[in-house]
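Chemist: Below is the sequence, then the predicted model.
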2 protein chains.
Amino acid sequence: MAQKGDLMTVRQDIRVVDATIRDGGLCNDFRFEDKFIKDLYEANVKAGVDYMEFGYKASKEIFNEDNFGKWKFCKDSDIRKIVGDNKTSLKIAVMADVGRTDFRNDIFPKKDSQIDLVRIATYINTIPAAVEMIEDCAKKGYETTINIMAVSKAKTEDIKAALDILGQSPVKAFYIVDSYGALYPEQARQLAELYCEKAEQYGKTVGIHAHNNQQLAFANTIEAMTQGVSFLDGTVDGMGRGAGNCALELLLGFLKNPKYKVAPILKIIEEHTNKLKKQGVKWGYDIPYMLTGQYNTHPRPAISFVKENREDCSKFANELYDIINS
Amino acid sequence: MAQKGDLMTVRQDIRVVDATIRDGGLCNDFRFEDKFIKDLYEANVKAGVDYMEFGYKASKEIFNEDNFGKWKFCKDSDIRKIVGDNKTSLKIAVMADVGRTDFRNDIFPKKDSQIDLVRIATYINTIPAAVEMIEDCAKKGYETTINIMAVSKAKTEDIKAALDILGQSPVKAFYIVDSYGALYPEQARQLAELYCEKAEQYGKTVGIHAHNNQQLAFANTIEAMTQGVSFLDGTVDGMGRGAGNCALELLLGFLKNPKYKVAPILKIIEEHTNKLKKQGVKWGYDIPYMLTGQYNTHPRPAISFVKENREDCSKFANELYDIINS
């Protein structure tokens, strides 16, 4: 596929999605101070970010509200406390996991909500359940995206079949989600090409959400973009589960549209995320995450390793080999 | 240019160069304990690394020996203390800066040295002086590479002219050096294509040395490789000036040749580089380095910012704007 765009001009189809609270919330059980959320909301508006993801719409039947901060559940009333009527160009997103969201009861009609976009997260084997959610949310008036997780483990023929089903749903965008941070740039380009071909066929757009296990989250994001991917996820200082994500400040510094500004995000780093790190909230590239990325596997064992303050990474590499092959 | 190689097979032209001591030495004035150097040498042998760069051959007329550890000068006697007769497949490299090396006096005939490769570092405007050094070192029996620094600032027509001159010298490889960590993957591929075309014309090979200011050092290294680049620089845990380099453990984990092993390098991280970090030696991705990378400028102001333990990165972004445009 020919490259779309270049390093000098603006691509009008680009949408930047700040996923700091949602993916970053996985590092601190969504326990953010309201001031952080409010400051980040205002910074995103100033930075020209297109969407801000507030968190999950998690089922209160499955998750105990006492064990998490409120952004695990993203009640409309909590969002409204931050954004009021949201008279800005920044759209509000939430994530809803297939099988872990009581979407019929917890997602209200759009007219009663500040939420604009529901991002539906699925694995490749639960596409029909995802379609049910897409249809429900679309009927209620929301934009939707479908975020197919752990795509580095999915077979190409299954991805094609999934996109053919999803193409016939009202979903707005297909998302490439490299949950394990296992993709190399040439794989990100190949997947982007495949997704973009299917998207064109069905009149959809494509997004990418990358993890930084191999220090490739930013590279994979902009390389997928060269193949026509439009929705680009980033998080402040890369805050996100395990090795974290594509850093929003890298992405905003790269994009040529003058509406995008890095400075407001630098302020959030100075005033908030650096403090979270000092308080002991952990994320970012580290050897154990690199290893789960290289092994193309879930970061769970690496997260435990880091939590336990272990440093014997060569022993961990052997353990991981056994975990995967047992 | 068609892609060279793929994600399944081995490219026999690949050579991995560990530059930890040389580029990492810029973080601690080359004050490494002999045990680190010895352990790293042995780890590189086990890991299948092809070259290990020990440091600089700096002029003792220009640099005071009291102000630096010995690897700033790389005396043959010091190298011999580590490697003995070096009866291994690992070759020994040193770097010699144009204008800062007393090469006629300090580089002895190859028969009296354990050094195999002299890497000659130049800017684009001192190519004739570099050729003089290449010819001197080649006559003495060494392999040589030419490392053209700050290539992100060089004009394409100057690079072409430089490679046409160097093509007629006895140099073995042309190196792409992204000193400022400013290149994006598509630029790394374009430069690699240009260098490889010239290299083919003159019977040379091509190398890349990348910096991690925008978390792109590994990506740019493997993307340049897809265009035919053969010599790939890495450093343990990315240790190197400022934002550091392509992490050797990422590179070794990526390459498919079974001779390359990650585990010995993980041991060095556990036993040495993690300790250096705890002792206060600083390197690696950080916001001020990201900014100098985005601005395509020397990391000097960012290095000062980090040394002074400043945290006001949004103020720094403004200062940088003034420094560059004044």
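Modeler: Perfect, I can see it now.

Chemist: Low-confidence stretches in the stretch 101-250 of chain A?
Modeler: For the stretch 101-250 of chain A, no stretch has pLDDT under 70.

Chemist: Can you find the residue of it that comes nearest to chain B?
Modeler: residue A:219 (3.3 Å; C-beta to the nearest C-beta). (C-beta placed from N, C-alpha, C; glycine too.)

Chemist: What is the neighbour count of that residue?
Modeler: Neighbours of residue A:219 under the rule other C-beta atoms under 10 Å in any protein chain shown: 30.

Chemist: try residue A:84
Modeler: 10.

Chemist: do residue A:146 as well
Modeler: Look at residue A:146: counted by other C-beta under 10 Å, it has 27 neighbours.

Chemist: Same check on residue A:82?
Modeler: Quick note: residue A:82 (other C-beta under 10 Å) scores 18 neighbours.

Chemist: Check residue A:109 too.
Modeler: 10.

Chemist: Could you tell me which residues of the stretch 201-326 of chain A lie near chain B?
Modeler: Neighbours of chain B within the stretch 201-326 of chain A, by C-beta under 8 Å from any C-beta of the partner chain: A:212, A:214-220, A:222-223, A:226, A:237, A:247, A:249-250, A:253-254, A:262-263, A:266-267, A:269-270, A:274, A:285, A:287, A:290-291, A:294, A:311-314, A:317.

Chemist: Which of those are buried? Put it as a PyMOL command.
Modeler: Paste this into PyMOL to select the buried members of these, with burial taken from 16 or more other C-beta atoms under 10 Å in any protein chain shown:
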select buried, chain A and resi 212+214+215+216+217+218+219+220+222+223+226+237+247+249+250+253+254+262+266+267+269+270+285+287+290+291+294+311+313+314+317
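
Chemist: now the helices for the stretch 201-326 of chain A?
Modeler: Listed in chain order, the helices of the stretch 201-326 of chain A (DSSP state H, counting those that start in this stretch) span A:217-226, A:248-254, A:263-268, A:274-278, A:287-294, A:300-307, A:313-325.

Chemist: Hmm, residue A:324 is touching residue A:298, no?
Modeler: No: using C-beta atoms under 8 Å, residue A:324 makes no contact with residue A:298, being 9.7 Å away.

Chemist: These two: which is more packed in?
Modeler: Using other C-beta under 10 Å as the criterion, residue A:324 and residue A:298 rank with residue A:298 on top: 16 against 13.

Chemist: List the residues that contact that one.
Modeler: By C-beta atoms under 8 Å, 6 or more residues apart in numbering or on different chains, the residues touching residue A:298 are A:150, A:179, A:180, A:292.

Chemist: chain center to stretch A:307-314: distance?
Modeler: With C-alpha atoms, centre = their mean, to the nearest Å as the basis, stretch A:307-314 stands 27 Å off its chain's centre.

Chemist: Please look at residue A:231 and residue A:15 and confirm they touch.
Modeler: Yes: the pair residue A:231 / residue A:15 is scored as a contact, 4.9 Å apart, by C-beta under 8 Å.

Chemist: which residues are in contact with both of the two?
Modeler: Contact with both residue A:231 and residue A:15 is made by residues residue A:207, according to C-beta under 8 Å, 6+ apart.

Chemist: Who has more neighbours out of those two?
Modeler: In this view residue A:231 and residue A:15 are compared by other C-beta under 10 Å, and residue A:231 has more residues nearby, 26 against 16.

Chemist: all strands for the stretch 51-200 of chain A, in order.
Modeler: Remark: strands assigned in the stretch 51-200 of chain A by DSSP state E, counting those that start in this stretch are A:51-56, A:91-97, A:117-122, A:143-148, A:173-178.

Chemist: Including distance to chain B, could these go into TSV?
Modeler: Formatted as TSV, these follow (distance: least, C-beta to the nearest C-beta, whole Å):
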stretch	distance to chain B
strand A:51-56	20
strand A:91-97	24
strand A:117-122	24
strand A:143-148	21
strand A:173-178	13
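
Chemist: nearest to residue A:67, of those strands?
Modeler: strand A:51-56 (13.2 Å; C-beta to C-beta).

Chemist: And that closest one, what does it pack against?
Modeler: The elements that strand A:51-56 packs onto, with contact taken as 3 or more C-beta pairs under 8 Å, 6 or more residues apart in numbering or on different chains; DSSP states H and E, are strand A:15-18, helix A:20-28, helix A:34-47, strand A:91-97.
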